[in-house]
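Trainee: Test case, fold it:
(3 chains)
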Amino acid sequence: MRKSLILTIFSFILLLSLSLNIAQEKIQTITLTAWTIGPDRPSFYRRDNLVDAVKRLNSLLEKEGSNIRVKLEATFDTGTWADYKQKFVLAASAGKAPDIILSGHEDVAPWGEAGYIIPLDDLIKKYKDTTDLKDVIPTLWKSVQYKEKTWAIPQDSEARPLYFRKDLLKKLGWTDKQINDLPKKIQSGEFTIYDMLQVAKTAQDKGIIEKGYGFWHRPRQGNDFYIYYYNFGGEMQDPKTGKLILVKDALKREYQFFADNIFKYRTAPEKFIGMEWRIWHETVVAGKVLFWQGGIWHWAEWQQVYKADPKDLENNVGYALVPSSDKGKPGITLTHPLAYMVTKNSKYPEIAFRLIALATNPVFDARHCVTSMHLPVLSSTRKQSTYLKNKFLRDVEYMLKFTTFIPNSPDFGTYDTIVFKGLSAVANGDVKPEEAVEVVVRDLENALGDRVIIK
Amino acid sequence: MMLKIGDGVNPRPKKINWNLFFFLFPAIALIIVFFFIPVFLTFLMSFTNMSTSTGLTGFKVIGFKNYLQILKSQWTLKILKNTLLYVFTTLSLFNVGTALFLAIFSTHISENAGKFVRTLWLLPRITPSVVYATLWTWFTAEAPYGVLTQFLSPFGVTSKNLLYTYPWIFIILINGFVGASFGMLIFTSAIKNIPPDYIMAAQVDGASTLQIIRKVILPMIRWPILFVTTYQTLSLLTSFEYILLTTDGGPGFYTTEVWALYAYHNALSNYYGNTLFGFGAALSVFLVILGIIFSIIYLKVFNFKALISEPKIEV
Amino acid sequence: MENYGFKGPIPIILLIIICLPIILLYGWLIISSFATRMEGLKPYGWTLNNWRFLLEKPTFFWQTEEETPNIWVYTFNTLIYSFGITIFTIFICTTAGYAISRLNFRGRRSLLALTIILHSFPSITLLVGIFVVLLFLGLYNRLFGVILVRVSLQLPFGIWIMKGFFDSISWDVEMASLVDGCSRLKTWYKIMLPLVRPGILALSVFTFLSGWGDFLFPYIFIPSKTSQTLSVYLRSLTADVRFVDYGLVTAVGLYYMIPIILLYIFAQKYLLNIYTGGTKG
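Mentor: Sure thing, here's the model as predicted:
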């Protein structure tokens, strides 16, 4: 009897203390770290969207009755991509990587291969319906897939259009209707890329623009050159094996085009590749160039950094897809999405995943798009009022239908370096396009062996 | 004056080891840890396919494949030639040539003017490399932005990106203006240590400026010249930062790519983030071997043994 | 000592000609730091705005005030880093330089030859190897580790220069001290070090200079935010090719150089001692 009483009291105390314990169970705060990068400064929401998503995550956790709360330490880098990636790779191999890393979609290939980041398919399946992930534009998911797994959540996208001066075309005798129809004609393939050079040359011959100011492409290494490669019939990756592809004829035609631009039509100056970006922008903003191809984020940059008059841009600068190589083929552009990834070092991968999933919502997406001039990753962002007010973004949005991507392959860096050197040699006047192609093919075969397919 | 204590009169034979340990251990430890081991690791890495996508653990041993790739590459010879052109042109024109010129003449004008000239020439060395590269890109830019084109346009020079039109000239100038100050300081201090009587005596004898330089000054600063030549050859051999920040090895096919930059491009930097540590390591090993060959040649040619005198206390 | 002057205007003219590019380059730098925009050497308008970073925290509009260190914090970090390197370098080079110059041991000649060969090892391309070593020693992500790496790179030059200074000191001095009963260690510390003070000062200035300009090592090997040095800050201003504010870059660049220029002007006397006695003539 006495024994049982003691037992009862004891168990009662035990129960009480247990229940008290649950009630006042200590809130456990975990700290997540995230690295993000612009490098362009207006893209700071890449970090701040994560920071602001913490509140949402914590209130969700509270509702769920979880005792976990999240604190975030996030950085926004404005250094170079190369340094940023190098730093991450070393940190990841030392086991000191942050929980979340933002990078270009192409990094899922080397980083996924090395095991620095984790595949997110299961988590996406689990949370897709309760978050805005279901609204992510389907083509963007494709850009973050490698070896049939999804490694990241797209953070933003863009397009790389052809810009043109309407006032200069008018001086050339074009009617308003002709000028306004140009984007459509480019989209349908009625106005080709060589038509463009011809127009530029005529403008130069008539003295409307100076010699060498007809068509400017980007002056430094970068993704934009693959627009032209795709345009002239290039293929980049074998969907089955993931091997990179080089189509010799397409590359030759691409090189030929850039050579023609400089040496035949003389619509770009000699030694054009290597020009300082600032000079490029100032010249373009001054209205001296007839056609030029840049990124949609330049639109913000010209106003903020180069003090372009917004009225002048609105009235006198038009934008379209990059014209196609042949009549009847639609115009083309290229998109390079950035994406959030969860690293292997993360002790709380699911929490980290939920944070980036929550940061991916139409409100945050819209504010990032309008401040940095990027295109949204969510289809629902298009209904946001902040986004709708931005005429330029709405105008270029359709380009995503005509877009291409660079491939996800660990060998792409090697490939790109070799192919760009060939272009640079042709544009510099060192070699003929067909010679350059032969040299490039030899280099690719030496560097990649059977990991590249030459067609 | 030269008291020589032989082995027999060694005052503290038992302390020797501890002395040596104290004096040499820190340096030797650092040399082993931060030179030998990394070189050894790099050597091992050069036989693997290590890259970002394999990580530091998931690599495969691939034997001599990296070395074979270097040998088979159509650019190896060109890059090697570039390297020699870069090292020896910059060295002779600037790191030794201009350095000597500056040292000799800045010590033979008024003291303050000399100081001013030397301070001026030190500026490139202390300028952060990114800023220094910026200075040159704007110096050589197209009209109306370029400083040089602004001065040359009255003479009928057309507006072009001069850095990319004459890449080698500017690569050598850009590096040379930084490189000259090292030799300049060492030569200046050596010249200042020449007893003035020597030069005055020659002047009294009616020797011309050139004769004084050739017959008096140069022989007196022979050792510093040899030291600077050796040291700066090796510095140039491994340097690439200013090329990276200006032409980045371009334009075209490896026009201004030197070996160190080639190794850097492959081992550490890659536009799309998959850096080839293994291949880069093979390139680095090649560079280390090149450096060792150069140092041995210099040490032999300059009769290095004479540099080190016998200690006068055998402790 | 006084200058004894060569005759004729030719040397002066030649000096002016070869100095001209530097004057133009740095003239552009100074003008640009006070200009809104430049065309050649011609400014488009004057402004003090480029120097705003001295008064404000260098916050950009995406950063909140409290988390960004101001320019003085960057400067302080850089000072600590450079001083750390200098102190270690001096200690190691004075000991090793002394040993090579004065102590008798086997392999002395080879060691000196080795130090010059070490200079041909490409530190940057050995970066991955160095990284593995740091990781193994637990020095990755620590300031101390990066300082040690930097010190190692200074060894070839430092040891050679210090050896030259020890060589130039008369053996009588050392002998007298040893006869008085001092140990080798005490002799080194009490007698020799004060005598090579000009060398120590000269080497300090050179080492400090190299630490001040260092970028890649602190950036790569200390990924945590507290490592920000001036060079990392400066790099972050220029790395984004699309948004470079050249006015700000030139102003920060000048700010970065001013301490070194001052140091140099005050230390020129010592720097020009670098080859006193030197190796034998």
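Trainee: Quick one: neighbours of residue 131, just the number.
Mentor: As the question left the chain open, I've gone with chain A. 18 (other CB atoms under 10 Å in any protein chain shown). (Glycine included, C-beta is placed from N, CA and C.)
Trainee: To clarify, I was referring to chain B.
Mentor: 21.
Trainee: Tell me which helix or strand it sits in.
Mentor: Using DSSP states H and E, B:Val131 falls within helix B:129-139.
Trainee: Let me see the mean pLDDT of that helix.
Mentor: Mean pLDDT, computed over helix B:129-139, is 87.
Trainee: what separates that helix from the chain centre, distance-wise?
Mentor: Here helix B:129-139 is found 20 Å from its chain centre; the criterion is CA atoms, centre = their mean, to the nearest Å.
Trainee: For the next helix or strand after that helix, buried residues please.
Mentor: Using DSSP H and E, the helix or strand that follows helix B:129-139 in sequence is helix B:147-152. By 16 or more other CB atoms under 10 Å in any protein chain shown, the buried positions in helix B:147-152 come out as B:147-150.
Trainee: now stretch C:104-122
Mentor: Here stretch C:104-122 shows C:104-105, C:108, C:111-122 as buried, counting by 16+ other CB under 10 Å.
Trainee: of these, closest to C:Leu55?
Mentor: For the buried residues of stretch C:104-122, the minimum distance to C:Leu55 (CB to CB) is 41.7 Å, reached by C:Pro122.
Trainee: residues contacting that closest one?
Mentor: The contact partners of C:Pro122, by CB atoms under 8 Å, 6 or more residues apart in numbering or on different chains, come to B:237-238, B:260, B:263, B:284, B:287-288, B:291.
Trainee: Which one of the residues you listed is nearest to chain A?
Mentor: Distance to chain A, by CB to the nearest CB, is smallest for B:Ala263 among the contacts of C:Pro122, at 13.9 Å.
Trainee: so how many other residues sit close to that closest one?
Mentor: When neighbours are counted by other CB under 10 Å, B:Ala263 comes out with 27.
Trainee: excluding its backbone neighbours, what's nearest it?
Mentor: B:Leu283 (3.8 Å; CB to CB, 6 or more residues apart in numbering or on different chains).
Trainee: any chance of the buried residues of helix B:147-152 in TSV, plus pLDDT?
Mentor: Converted to TSV, those look like this (pLDDT from 0 to 100):
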residue	pLDDT
B:Val147	85
B:Leu148	85
B:Thr149	81
B:Gln150	80
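Trainee: For the contacts of C:Pro122, which single residue is the most surrounded?
Mentor: Busiest of the contacts of C:Pro122 [other CB under 10 Å] is B:Ser284, holding 33 neighbours.
Trainee: Please identify the helix or strand for that one.
Mentor: Assigned by DSSP H and E, B:Ser284 falls in helix B:277-301.
Trainee: Now that helix: average pLDDT?
Mentor: 89.
Trainee: Residues of the stretch 101-250 of chain B that sit close to chain A?
Mentor: Listed as neighbours of chain A in the stretch 101-250 of chain B under the rule CB under 8 Å from any CB of the partner chain: B:137-138, B:141-142, B:145, B:159-161, B:163-165, B:247, B:250.
Trainee: quick check, nearest of those residues to A:Lys401?
Mentor: Closest approach between those and A:Lys401, by CB to CB: B:Gly250, at 35.2 Å.
Trainee: residues contacting the closest one?
Mentor: Counting by CB under 8 Å, 6+ apart, B:Gly250 has contacts A:273-274, A:421, A:424, A:428, B:164, B:167, B:256-257.
Trainee: Let's see that with 7 Å instead.
Mentor: A:274, A:424, B:256 (CB atoms under 7 Å, 6 or more residues apart in numbering or on different chains).
Trainee: and the residue in the stretch 151-300 of chain A that chain C sits nearest to, what are its phi and psi?
Mentor: Here the stretch 151-300 of chain A gets closest to chain C at one residue, A:Trp277, 4.8 Å apart by CB to the nearest CB. For A:Trp277, the backbone dihedrals are phi -60, psi -40 (criterion: degrees, to the nearest 10).
Trainee: element containing residue 74, please.
Mentor: You didn't say which chain, so I picked chain A. strand A:68-77.
Trainee: other chain: chain C
Mentor: C:Tyr74 belongs to helix C:71-102, assigned by DSSP H and E.
Trainee: what's the average pLDDT for that helix?
Mentor: Helix C:71-102 comes out at a mean pLDDT of 89.
Trainee: Check whether A:Asn428 really touches B:Pro251, as I assumed.
Mentor: Yes. Counting by CB atoms under 7 Å, A:Asn428 touches B:Pro251, with 4.4 Å between them.
Trainee: Next, show the common contact partners of these two.
Mentor: Joint contacts of A:Asn428 and B:Pro251 (CB under 7 Å, 6+ apart) are A:Ile273.
Trainee: so what's C:Arg108 closest to, chain neighbours aside?
Mentor: That would be C:Ile100: by CB to CB, 6+ apart, it lies 6.0 Å from C:Arg108.
Trainee: Next up, the contacts around that neighbour.
Mentor: C:108, C:111-112, C:159, C:163.
Trainee: So which helix or strand of chain C has the lowest pLDDT on average?
Mentor: Least confident helix or strand of chain C, by mean pLDDT, DSSP states H and E, is helix C:230-238 with a mean of 75.
Trainee: thinking again about what came up before, quick one: which of the buried residues of stretch C:104-122 is nearest A:Pro98?
Mentor: Taking CB to CB as the measure, C:Pro122 is the one of those closest to A:Pro98, at 30.1 Å.
Trainee: Next, the closest one: secondary structure please.
Mentor: coil (DSSP: H, G, I helix; E, B strand; the rest coil).
Trainee: what about the closest residue to chain C within the stretch 351-455 of chain A, which helix or strand?
Mentor: Nearest residue of the stretch 351-455 of chain A to chain C (CB to the nearest CB) works out as A:Thr371 at 9.0 Å. Using DSSP H and E, A:Thr371 maps to helix A:362-372.
Trainee: Let me see the domain layout of the chain.
Mentor: If you meant another chain, say so; for now it's chain A. A:30-158+A:336-402, A:162-334+A:411-454 (automatic domain parsing).
Trainee: nope, chain C please
Mentor: C:2-47, C:64-276.
Trainee: Highest average neighbour count across these: which stretch is it?
Mentor: Highest mean neighbour count of these: domain C:64-276, a mean of 20 (counted as mean count of other CB atoms under 10 Å in any protein chain shown).
Trainee: residue ranges for the helices of the stretch 151-300 of chain B, please.
Mentor: Remark: helices assigned in the stretch 151-300 of chain B by DSSP state H, counting those that start in this stretch are B:162-165, B:167-192, B:196-204, B:209-212, B:218-220, B:222-238, B:241-245, B:259-267, B:277-301.
Trainee: buried ones in the fourth one?
Mentor: Spelled out, it's helix B:209-212. Those would be B:209, B:212, for helix B:209-212 by 16+ other CB under 10 Å.
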